[in-house]
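Q: with the sequence up front, the predicted model follows.
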Amino acid sequence: MKKIDFLAIGDMTIDAFIKLNDAHVHKNIDNPESNELCFRFGDKIPFDSVTIVSAVGNSPNAAVAASRLGLNSALITNIGNDRDGKDCLEVLKKEKVKTKFVNIEKNKKTNYHYVLWYGTDRTILVKHTEFEYKFPKLPKVSWIYLSSLAENSLEHHKLIVDFLERHPETKLAFQPGTFQMKFGAEKLKDIYAHTEIFFCNLEEAERILGVQNKNVLELSQGIHALGPKIVSISDGTNGAYMYLNNELWQIPIYPDKTPALERTGAGDAFSSSITAGLAIGLSPLNAFAWGPINAMSVVQKIGSQAGLLSRKKLEAYLKTAPENFKIKKIN
């Protein structure tokens with residue numbers, strides 16, 4: 001098989017976007033930094049629409065992003081032998097993502113999540129099927145992009161580490177999902193040690209390090225101490241940061257061309273676009289500029305993939321970027 005430029009590893013799902021208007025957002029009294037989506041208990045709640053989006057999830061989103069940016073992209077994931085799984089395969093093939101390493105399991109259901117879409121944000125009801133994770137025989141791989149896997153995946157991470165140790169030419173991008181953060185840095189210490197570039201948001205960095213500290217430099221240094229050579233931490237409307245060679249750089253968000261429709265997949269678009277840029281051969285700081293552009297485009301559409309850009313369109317946005325869209329060194 002031809003060399004793979006970008007190999008994403010992680011769970012795949014179908015998202016059902018349920019658009020709500022008859023709801024409210026309230027502050028959590030016990031945790032003022034957390035909001036709660038509320039609607040009437042025991043009542044019939046009207047919804048506006050349902051939109052079904054197949055073949056999504058952190059890693060499938062990344063694989064599609066890389067493919068649209070011109071890379072030879074593949075995905076290691078699991079699906080059930082059901083209609084939902086077939087729908088996911090059809091989407092991947094349409095997006096020119098190699099499906100050779102998609103494992104189809106009998107008597108298992110493909111992951112199916114419900115997205116409660118209110119305003120421009122979403123709350124996702126998730127259920128991970130416990131698949132039998134397998135690591136296939138692979139051709140040469142330039143980059144592995146590792147993200148969300150289920151609770152029973154700890155041993156699978158050891159197989160990934162084994163591959164990386166046998167193939168030091170392969171670089172790893174790591175964007176941890178919920179259970180990977182729950183495992184803790186100690187159980188995944190070998191993953192962290194092999195990571196070339198690491199992605200998370202500010203709150204996730206605090207959770208990973210077990211601290212309450214909004215200082216991005218100190219959080220970046222803490223993640224870097226776990227092993228990743230490059231650390232990228234995003235902070236919502238404050239933009240994103242890259243810790244590189246003991247220096248902290250910041251980039252603002254790319255201004256929305258129209259008001260955001262909904263924000264699912266913006267983080268995946270950001271992280272995967274930077275990784276794709278590195279795989280293409282860009283310097284880390286030049287690749288850093290790709291992330292906010294694809295994130296901006298994704299929030300203009302429903303779901304995490306419809307707005308993903310081709311390389312030509314992304315570079316056009318970069319060429320016509322506003323004057324204030326600049327990377328600056330802040331420490």
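A: Alright, I've got the coordinates.
Q: can you pull out the strands in the stretch 101-250 of the chain?
A: Shown for the stretch 101-250 of the chain, the strands assigned by DSSP state E, counting those that start in this stretch span residues 102-105, 111-118, 121-125, 141-146, 171-174, 195-201, 230-234, 240-244, 247-251.
Q: dump those into a markdown table; add distance to I208 and mean pLDDT as well.
A: C-beta here means a position set from N, CA and C on the backbone, and glycine is covered the same way. Converted to a markdown table, the strands of the stretch 101-250 of the chain look like this (distance: least, Cβ to Cβ, whole Å; pLDDT from 0 to 100):
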| stretch | distance to I208 | mean pLDDT |
| --- | --- | --- |
| strand 102-105 | 29 | 97 |
| strand 111-118 | 23 | 96 |
| strand 121-125 | 20 | 92 |
| strand 141-146 | 15 | 98 |
| strand 171-174 | 11 | 98 |
| strand 195-201 | 7 | 98 |
| strand 230-234 | 10 | 98 |
| strand 240-244 | 14 | 98 |
| strand 247-251 | 18 | 98 |
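Q: closest to T264 out of those?
A: strand 121-125 (5.4 Å; Cβ to Cβ).
Q: so how far is the first residue of stretch 219-234 from its last?
A: 11 Å (Cα to Cα, to the nearest Å).
Q: out of the strands of the stretch 101-250 of the chain, which comes closest to V53?
A: Proximity of the strands of the stretch 101-250 of the chain to V53 was assessed by Cβ to Cβ; the nearest stretch is strand 111-118, lying at 8.5 Å.
Q: which residues are in contact with the closest one?
A: Counting contacts by Cβ atoms under 8 Å, 6 or more residues apart in numbering, the residues outside strand 111-118 that touch it are 11-21, 23, 25, 37, 57, 79, 84, 122-129, 262, 264.
Q: what distance separates that strand from the centre of its chain?
A: Per Cα atoms, centre = their mean, to the nearest Å, the displacement of strand 111-118 from the mean C-alpha position of its chain is 16 Å.
Q: with stretch 317-326 instead?
A: 24 Å.
Q: pLDDT-wise, which helix or strand of this structure ranks last?
A: Lowest mean confidence among the helices and strands of the chain (mean pLDDT, DSSP states H and E): strand 24-27, at a mean of 88.
Q: for I274, give me its contacts.
A: So I274 contacts 197, 199, 232, 287-288, 290-291 (Cβ under 8 Å, 6+ apart).
Q: and of those residues, the nearest to W249?
A: Distance to W249, by Cβ to Cβ, is smallest for F288 among the contacts of I274, at 7.0 Å.
Q: follow-up on the earlier one: give me the buried subset of the contacts of strand 111-118.
A: Listed as buried from the contacts of strand 111-118 are 11-20, 57, 79, 84, 122, 126, 128-129, 262, 264; burial here means 16 or more other Cβ atoms under 10 Å.
Q: out of those residues, list just those in helices.
A: Per DSSP state H, helices hold the following members of these: D84.
Q: surely N331 meets L248?
A: Yes. With contact defined as Cβ atoms under 8 Å, N331 reaches L248; the gap is 4.2 Å.
Q: so for these two, which sits in the more crowded spot?
A: L248 (19 against 12; other Cβ atoms under 10 Å).
Q: F6 reaches T275, doesn't it?
A: Yes. If you go by Cβ under 8 Å, F6 and T275 touch, sitting 7.1 Å apart.
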